[in-house]
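**Student:** Here's a sequence, model it:
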Amino acid sequence: MFFKSEKCAVCKNHKGHRLCFRIGKDICWQDCNEMRVDQNCPKECEYAIQKSSDLQLKTKADSIREYQDLLTRQMNIWVAVPQTVFNGDIPREMSKTISGRKRLIEFLKQFHVNSLIPLKHLKTILSIDDLEVISSKEHYEDAAENFLQCLLLQEWEKTIPLLNSAQNYQDEELRENYLRRLSNNKFVQKIKSYFLISSALSENKKMALVYFEFNLKYDLTLVLELKDDVWKIKQKIFGKPEIANSELQANQQIAIMLSKNKLSEAFELLQKYSSIYVDSADLNYYWGMYYMFSNNTKRAAEFLFNAVELDPTFLEAKSLYATAILQEKQTEKAKKLFGEIIAENPQEIKSMNNLASIYIEEGKKVEAKKLLEKCLEIDPNFVYAKKNMEKV
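**Tutor:** Just a heads-up that it's a prediction; the model follows:
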């Protein structure tokens, strides 16, 4: 289910996600920036701007977008008022003369400027073309917005190169399943607009969370991973960033319900959490288990294949998927999958035994016997392999 947002007390439009000490109500970061740029916010507020010099300001920002917006607003003020560093001259007036522009450039060249600082804006408003600006490398917020833009325009194919698992979709069957799953998702279809609220970077700087409000109403968090020095999308979560680490707990709750054969309780939890963690291989696996327990192997196979698509290394899901399609009479495909699992994990005796069972049905007793002997060599007490060996 979606998480509704409280509106900003000023614009009545975006999410009001921080308390403004000046008006005593929750506001969005854009309106916060518009107010605090005058440097009259109470010092008790952590978002208040504290000036240490003409160019050095201390404050807090919850995202790169907010930080850049605030700097842009501050630059607009800075160029329009007399500056001590220029003996009281106004930067905008200075930029109207060759000598003034030269003074501006020489002054700005003294500083080592981070590429995230919108120096390009200052260059534009002062018309100082000779100022060199460091090209900004794409950061995690850029990557997240590029992905969301593709969803908004429903350009499903264009999302694939933006994924951390893009290489998996060289497989045509996995690719088609991803595109079907994405385009059919009712939450994704609802995205008509978005607004970046905040972002956070992990300690090792290899993971990031970018939090959006979409359709001026609902919460969406994108989980990103730094892969080969490029930010890629790892997961969509329809909820706030705080619940990003709660997926494991959700899976544990469902696993307990399924282990106790409490199918109705498991169903309710699956519905609840699947609407939030829409890219969870584990939840798709548990849906598969639920439908296997409910004797609906066709539906089980659909979810289990989703799990395999989301995580091709998820051998338990792959094995259960092979079992489901075997019951749906897709014998050749099941044989292929069991063979792949054994190749990936030569100790996987369940898949060996299942493949041996198929060989027994096909009258291939020699092939079956080899697999069963390997099973019993790994686990001499494996009951199912013993029973199949008796058949051989």
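**Student:** Can you give me the domain boundaries for this protein?
**Tutor:** For the chain, automatic domain parsing gives the domain ranges 1-78, 140-243, 246-324.
**Student:** Generate a markdown table for those, with distance to residue 370, mean pLDDT and mean neighbour count as supplementary columns.
**Tutor:** Heads up, the C-betas are built off the backbone N, CA and C, glycines and all. Below are the domains of the chain laid out as a markdown table (distance: least, Cβ to Cβ, whole Å; pLDDT from 0 to 100; neighbours: other Cβ atoms under 10 Å):
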| stretch | distance to residue 370 | mean pLDDT | mean neighbour count |
| --- | --- | --- | --- |
| domain 1-78 | 51 | 88 | 16 |
| domain 140-243 | 29 | 96 | 17 |
| domain 246-324 | 19 | 97 | 19 |
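**Student:** residues in contact with the spatially most central residue of the chain?
**Tutor:** With distances taken as Cα atoms, centre = their mean, residue 223 lies nearest the centre of the chain, 2.5 Å away. Contacts for residue 223 (Cβ atoms under 8 Å, 6 or more residues apart in numbering) come out as 207, 208, 209, 233, 234, 235, 236, 237, 244.
**Student:** where exactly do the strands run in the stretch 1-150 of the chain?
**Tutor:** Under the criterion DSSP state E, counting those that start in this stretch, strands of the stretch 1-150 of the chain are mapped to 18-20, 25-27, 50-51, 57-58.
**Student:** and of these, who's closest to residue 195?
**Tutor:** Ranking the strands of the stretch 1-150 of the chain by their distance to residue 195 (criterion: Cβ to Cβ) puts strand 25-27 first, at 13.4 Å.
**Student:** Would you mind pulling the contact partners of the closest one?
**Tutor:** So strand 25-27 is in contact with 6, 8, 9, 10, 11, 16, 17, 18, 19, 20, 35, going by Cβ under 8 Å, 6+ apart.
**Student:** Name the nearest of those residues relative to residue 341.
**Tutor:** For these, the closest approach to residue 341 (Cβ to Cβ) belongs to residue 17, at 46.2 Å.
**Student:** Backbone torsions only: list them for the closest residue to the closest one other than its chain neighbours.
**Tutor:** Distances taken as Cβ to Cβ, 6 or more residues apart in numbering put residue 197 closest to residue 17, at 5.8 Å, once the chain neighbours are dropped. Per-residue torsions, residue 197: phi -90, psi -50 (degrees, to the nearest 10).
**Student:** Can you give me the buried ones in stretch 130-140?
**Tutor:** For stretch 130-140, a neighbour-count test (16 or more other Cβ atoms under 10 Å) marks 131, 133, 136, 139, 140 as buried.
**Student:** mind checking how far the last one is from residue 207?
**Tutor:** Read it as residue 140. Noted for residue 140: a distance of 9 Å to residue 207, by Cβ to Cβ, to the nearest Å.
**Student:** and for these two, which residues touch both?
**Tutor:** Joint contacts of residue 140 and residue 207 (Cβ under 8 Å, 6+ apart) are 201, 224, 226.
**Student:** Touching, the second one and residue 210? I think so.
**Tutor:** Yes. The pair residue 224 and residue 210 qualifies as a contact (Cβ atoms under 8 Å) at a distance of 6.6 Å.
**Student:** any shared contact partners between the two?
**Tutor:** 140, 144.
**Student:** returning to what we had before: looking at the strands of the stretch 1-150 of the chain, which is nearest to residue 175?
**Tutor:** Of all these, strand 18-20 sits nearest to residue 175, with 41.4 Å by Cβ to Cβ.
**Student:** Contacts for that closest one next, please.
**Tutor:** Under Cβ under 8 Å, 6+ apart, the answer for strand 18-20 is 9, 10, 25, 26, 27, 29, 31, 32, 35, 45, 47, 62.
**Student:** For it, what is the distance to the chain centroid?
**Tutor:** 27 Å (Cα atoms, centre = their mean, to the nearest Å).
**Student:** mind checking the SS state of residue 208?
**Tutor:** Secondary structure, DSSP: H, G, I helix; E, B strand; the rest coil: residue 208 is strand.
**Student:** now it: how far from residue 202?
**Tutor:** From residue 208 to residue 202 the distance is 7 Å (Cβ to Cβ).
**Student:** likewise residue 114?
**Tutor:** Separation of residue 114 from residue 202 (Cβ to Cβ): 20 Å.
**Student:** correct me, but residue 47 touches residue 58?
**Tutor:** No. Taking contacts as Cβ under 8 Å, residue 47 lies outside contact range of residue 58: 10.9 Å.
**Student:** Give the helix, strand or coil label for residue 292.
**Tutor:** Following three-state DSSP, we place residue 292 in the helix state.
**Student:** hang on, it packs against residue 299?
**Tutor:** No. Contact status for residue 292 versus residue 299: not in contact, 9.3 Å apart, counting by Cβ under 8 Å.
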